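*Asks:* A predicted structure for the sequence below; I have some questions about it.
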Amino acid sequence: MTASGPVRVVVAKPGLDGHDRGAKVVARALRDAGIEVIYTGLHQTPEQIVETAIQEDADAIGMSVLSGAHMTLFARVIDLLRERDASDIVVFGGGIVPVADLPELEQMGVARIFTPGATTGEIVSWVRENLGERSTA
């Protein structure tokens, strides 16, 4: 984070899953809370998501995954961020993710997974607490 101003979050909908209502609700809640949001739209590849995050100088990527491919998609995004020397971009997400997969996702570098029932207030609070305001350093 080298610029000043509000936190910038890329909200992404990877893969073939076309259910984007949750991603749009989260994007709106983050925007309403003063967080800058770049919504990528449906059917994004991990490569497209990472490229968008780098080009938009994002502080975080929030991915919505309902397809069951969460292990593969999160791993690929994190690997691409490392390859692009952008592992300072925080990765979090939500969707239908079995509780048994949460420790492995955390170990691979996913900062937080919001499972069904999480409120937009929880998500906004987490983003604020973990990303704060951008510094001028």
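*Replies:* Thanks, I have it. Numbers count the residues shown, from 1 in each chain.
*Asks:* alpha carbons only for contacts and neighbour counts from here, please
*Replies:* OK.
*Asks:* show me where the chain has helices.
*Replies:* Under the criterion DSSP state H, helices of the chain are mapped to 21-32, 46-55, 70-83, 102-108, 120-131.
*Asks:* Nearest to residue 96 among those helices would be which one?
*Replies:* Taking C-alpha to C-alpha as the measure, these were each checked against residue 96, and helix 70-83 came out nearest at 8.5 Å.
*Asks:* quick one: buried residues of the closest one?
*Replies:* 70, 73-81 (16 or more other C-alpha atoms under 10 Å).
*Asks:* Kindly report the same for stretch 79-98.
*Replies:* Applying a neighbour-count criterion of 16+ other C-alpha under 10 Å, the buried positions in stretch 79-98 are 79-81, 86-87, 89-97.
*Asks:* Quick one: residues in contact with it.
*Replies:* By C-alpha atoms under 8 Å, 6 or more residues apart in numbering, the residues outside stretch 79-98 that reach it are 46-47, 50, 53-54, 58-68, 70, 78, 109-116.
*Asks:* Which residues are in contact with the residue most central in space within the chain?
*Replies:* Central residue of the chain (C-alpha atoms, centre = their mean): residue 62, 1.3 Å from the mean position. Shown in contact with residue 62 (C-alpha under 8 Å, 6+ apart): 9-12, 91-94.
*Asks:* Which of these fall in strands?
*Replies:* Those of the contacts of residue 62 mapping onto strands are 9-12, 91-94, per DSSP state E.
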